[in-house]
Structure formats: structure tokens, C-alpha cells
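Participant: no letters, just coordinates:
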Ligand SMILES: Nc1ncnc2c1ncn2[C@@H]1O[C@H](COP(=O)(O)OP(=O)(O)OP(=O)(O)O)[C@@H](O)[C@H]1O
């Protein structure tokens with residue numbers, strides 16, 4: 001039975017006279033303990049989709065259900081990690097994690113809270129920076145602090161909006177493994193947004209492309225029929241990995257081409273004809289000694 005379900009959901013912004021439809025008629029079913037990757041271009045509406053799944057954004061039409069019940073507001077069992085970190089700037093890394101844990105487990109003793117917060121900070125390899133404030137961290141460190149905070153809530157569903165995009169390749173690999181570990185060991189459900197096809201194939205059970213906006217929608221999925229644990233070191237030689245990677249890449253390039261059709265490249269000209277047009281006949285003296293014409297745009 002699906003733990004998370006989207007039924008014919010659309011999201012639009014702006015007044016009725018000037019509606020901007022970001023998402024159109026989305027349908028999605030995520031089963032318990034599944035790992036689903038959503039892949040899409042910048043501006044397609046991926047974050048809007050995540051906000052919709054997290055209960056932060058209401059659907060203009062259609063429904064979003066968690067365990068068969070409509071999601072009306074954010075809830076701790078749907079843990080979202082935003083692309084833009086959203087850490088509290090006046091709190092240290094440790095306190096940012098503590099405040100999140102405290103919100104869902106207010107009765108935890110001070111020492112238990114401290115221990116739990118340290119556990120998650122260590123998990124994302126930020127133990128050397130526990131006392132640093134967000135502005136003292138690099139982008140990648142902020143991303144890790146944000147991930148620690150989301151993981152510390154121990155949510156049933158992890159909604160990860162490009163969680164690894166600001167990381168260097170090595171840290172990115174390490175955190176991919178961490179997320180996979182947490183998902184496998186704790187039997188969690190993950191919906192992750194990424195724009196990295198390799199990452200999606202390495203991590204997910206299913207990969208669902210989001211078409212280009214406006215009015216983006218979810219395309220047919222790609223199933224990743226590869227045994228787990230997947231070995232990142234031999235992945236490039238795996239025939240299924242190579243097949244999926246090339247099929248998904250070709251599909252995404254097709255979406256990109258499709259969205260360019262009829263836009264930007266050729267500007268349609270209005271269907272108007274000048275009434276009459278003839279060049280003035282110039283006198284011989286003008287040809288020999290033309291008086292320069294002052295152009296308003298280059299007059300000092
Ligand atoms: N609250 C809002 N009001 C009006 N327009 C919005 C709002 N939120 C998002 N949009 C518009 O919806 C579109 C999709 O935005 P969204 O942030 O979901 O895209 P994205 O795929 O996550 O982009 P990126 O990968 O660049 O972060 C954009 O054109 C954005 O301007």
C-alpha cells in the first residue's frame with residue numbers, strides 16, 4: 001500500500017487573471033521503504049513538488065495523501081531537507097540539530113538530547129564544527145548540517161531536495177552511502193530530487209523524470225533493476241547501469257529539445273505589410289558631400 005500518494009495534483013500561483021501553472025496533473029505512488037528519485041531541470045518545479053509532498057504547499061487541485069489521509073500541514077514524520085539549507089543563523093550546528101530533535105521529542109533529557117544531536121552531527125562528519133554558526137560554514141558543510149537536522153527527526157519519509165548538490169565528489173559519495181545506509185537499516189521511505197543521473201541510478205529503485213515547466217508533470221518511470229548493495233566502483237561497467245544512464249540522459253535531452261520548440265530561437269514576425277515604400281532620390285551634391293545626420297542615440 002502506498003505510504004505517499006499524489007492524485008491528479010496541480011499547483012498554480014498568481015491571481016486568476018494571470019495564473020502561472022507550475023505543476024500539472026501529477027500522479028505518484030510511493031510504496032513503504034521505497035527509494036524514489038525525481039529528476040528534472042532547473043526551474044521545472046522540483047522544489048514545489050517537494051513542498052507539496054511535505055504539506056508546505058497546498059495543491060490547487062487534486063490530492064496528496066500520507067497513509068491514505070490528506071496532508072494538510074507539515075508533519076514530523078515527513079522530514080524535508082531543503083536545497084537552501086534553511087539553518088537558523090544564530091544557532092551553532094549542534095544547536096540547529098538539537099532544536100529540531102526537541103521539537104519532536106520535547107521530553108528527552110538534556111544528556112540524551114546532547115548525545116542524539118552529536119550522533120547525527122558525527123554521521124555527516126561535522127563533529128569538528130559543532131560550535132560553528134551557519135555563516136562560518138562552507139556550502140557543503142551547511143548542506144551536511146541540514147541533512148543531520150532532517151535525519152535527527154527520524155522521519156518515516158525522507159524528502160530530500162537536491163541534498164548533495166553543493167558537495168565535492170568525495171563527500172558526495174560518502175553521504176550517498178550514509179543516506180543509503182539509513183534507508184536500508186532503518187526501513188525508511190525516501191523521495192530524493194537530483195539532477196545527477198548517475199546518483200539517481202546508484203541510489204534509487206525508480207527514477208521519475210519531471211518534464212520541463214511551466215505545467216510540468218511526471219513522466220513514465222525508469223525502474224532500476226540492479227541488485228543491492230550497488231558497488232559504485234564497478235557501476236560504470238554494469239550493463240544495466242550503462243543502459244539506464246544512456247536511456248535517461250537521452251530522454252532528458254529530448255525533454256529539453258521539446259521545450260525549446262517554438263520558443264526563443266525564432267521570433268515570429270507580425271503579419272503586416274508597409275503601405276508604400278520608396279527611396280528618396282538623392283541630389284548629386286548630397287552624394288558628393290553628405291551632411292552628417294545627427295542620431296539622438298549617439299549625441300553626447
Ligand atoms: N510561491 C511562488 N509564487 C510564484 N511562483 C513560484 C512560487 N514558487 C515557485 N514558483 C515558480 O515556480 C517555478 C518552479 O520553481 P521551483 O523552485 O519549484 O523549481 P525547481 O525545479 O526546484 O528549480 P531549481 O532547480 O532551480 O531550484 C519557477 O518558475 C518559480 O518562479
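Facilitator: Structure's in. What do you need? Because the structure is a prediction, the values reported are computed rather than measured. Numbering: from 1, shown residues only.
Participant: for stretch 201-208, measure first residue to last.
Facilitator: Length of stretch 201-208, first residue to last, Cα to Cα, to the nearest Å: 11 Å.
Participant: avg pLDDT for that stretch?
Facilitator: What stretch 201-208 shows for mean pLDDT is 97.
Participant: cool, stretch 219-230 as well?
Facilitator: Here the average pLDDT along stretch 219-230 is 95.
Participant: what do you get for stretch 104-119?
Facilitator: For stretch 104-119, mean pLDDT rounds to 95.
Participant: buried ones in stretch 51-71?
Facilitator: Of all the residues in stretch 51-71, those buried under the rule 16 or more other Cβ atoms under 10 Å are 51-57, 59, 62, 64, 66, 71. Any C-beta I mention is one placed from the backbone N, CA and C, and that applies to glycine too.
Participant: stretch 214-233 too?
Facilitator: Buried residues in stretch 214-233, counted by 16+ other Cβ under 10 Å: 215-219, 221-222, 224, 226, 230.
Participant: do stretch 157-175 as well
Facilitator: So stretch 157-175, judged by 16+ other Cβ under 10 Å, has buried residues 157-167, 171-172, 174-175.
Participant: give the next helix or strand downstream of the host helix or strand of residue 97.
Facilitator: According to DSSP states H and E, residue 97 maps onto helix 93-104. Once the chain leaves helix 93-104, the next helix or strand it forms, by DSSP H and E, is helix 110-123.
Participant: so that following helix versus helix 93-104, what angle?
Facilitator: For helix 110-123 against helix 93-104, the angle by axes from the mean of the first three to the mean of the last three Cα atoms, to 10 degrees is 120 degrees.
Participant: write out the residues of the stretch 151-300 of the chain neighbouring the ligand.
Facilitator: Counting by Cβ under 6 Å from any ligand atom, the stretch 151-300 of the chain comes close to the ligand at residue 213.
Participant: how far is the host helix or strand of residue 28 from where the chain is centred?
Facilitator: Assessed by DSSP H and E, residue 28 sits inside strand 20-31. Computed by Cα atoms, centre = their mean, to the nearest Å, the chain-centroid distance of strand 20-31 equals 14 Å.
Participant: helices or strands up against it?
Facilitator: The helices and strands touching strand 20-31, judged by 3 or more Cβ pairs under 8 Å, 6 or more residues apart in numbering; DSSP states H and E, are strand 2-13, helix 46-54, strand 189-194.
Participant: which ones among the buried residues of stretch 157-175 lie within helices?
Facilitator: Of the buried residues of stretch 157-175, the ones assigned to helices by DSSP state H are 171-172, 174-175.
Participant: how about a markdown table for those residues, with distance to residue 234 and pLDDT added?
Facilitator: Output for these, formatted as a markdown table (distance: Cβ to Cβ, whole Å; pLDDT from 0 to 100):
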| residue | distance to residue 234 | pLDDT |
| --- | --- | --- |
| 171 | 21 | 84 |
| 172 | 18 | 89 |
| 174 | 18 | 87 |
| 175 | 20 | 86 |
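Participant: these: which two are farthest apart?
Facilitator: 172 and 174 (7.3 Å; Cβ to Cβ).
Participant: out of the buried residues of stretch 51-71, who's near the ligand?
Facilitator: Answer for the buried residues of stretch 51-71 near the ligand: none qualify (Cβ under 6 Å from any ligand atom).
Participant: and of the residues you listed, the nearest to residue 19?
Facilitator: Nearest member of the buried residues of stretch 51-71 to residue 19, counting by Cβ to Cβ, is residue 59, at 14.2 Å.
Participant: for the chain, which segments count as strands?
Facilitator: Assigned by DSSP state E, the strands in the chain fall at 2-13, 20-31, 35-39, 61-66, 69-70, 78-81, 157-161, 189-194, 206-209, 222-223.
Participant: quick one: closest of those to residue 150.
Facilitator: Residue 150 lies closest, by Cβ to Cβ, to one member of these: strand 78-81, at 4.0 Å.
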